[in-house]
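> I would like to see how this sequence folds:
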Amino acid sequence: MDTNRNLTIMAKKSLIQREKKRKKLEQKYHLIRRSSKEEISKVRSLSDKWEIYGKLQSPPRNSAPTLFL
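Next up, the predicted model:
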């Protein structure tokens, strides 16, 4: 029974570390995301918007601010 409890504690610690890593990535790529979204709202042509959407997809997925609730 103690073994299961230790495994649960270890899993929780790993989740905390993962969240810390995600938060650090979110802060690192925040300016890139914000500037890309501002560009999208200013640009009128669809082809230019698609190009900017490509830039918006370049940061890692773990840096998305929607992962933090």
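> Tell me the helices and strands packed up against the top helix by length along the chain.
In the chain, ranked by residue count with DSSP state H as the criterion, the top helix is helix 2-42. Judged by 3 or more Cβ pairs under 8 Å, 6 or more residues apart in numbering; DSSP states H and E, the packing partners of helix 2-42 are helix 46-56. (Each C-beta comes from the backbone N, C-alpha and C, glycine too.)
> any idea how far Ser58 is from Ser14?
27 Å (Cβ to Cβ, to the nearest Å).
> buried ones in stretch 57-65?
59, 63 (16 or more other Cβ atoms under 10 Å).
> hmm, who's touching it?
Contacting residues not belonging to stretch 57-65 are listed as 21-22, 25-26, 28-30, 32-33 [Cβ atoms under 8 Å, 6 or more residues apart in numbering].
> just for the protein, where's the confidence low?
Residue ranges of the chain with pLDDT under 70: 1-11, 67-69.
> ok, 50 please
Counting by pLDDT under 50, the chain contains no low-confidence residues.
> Redo the contacts of stretch 57-65 as a markdown table? Include neighbour count and distance to Thr66.
Supplementary listing: these in a markdown table, determined by neighbours: other Cβ atoms under 10 Å; distance: Cβ to Cβ, whole Å:
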| residue | neighbour count | distance to Thr66 |
| --- | --- | --- |
| Lys21 | 12 | 16 |
| Arg22 | 18 | 11 |
| Leu25 | 17 | 13 |
| Glu26 | 19 | 10 |
| Lys28 | 12 | 16 |
| Tyr29 | 18 | 13 |
| His30 | 13 | 13 |
| Ile32 | 14 | 15 |
| Arg33 | 17 | 11 |
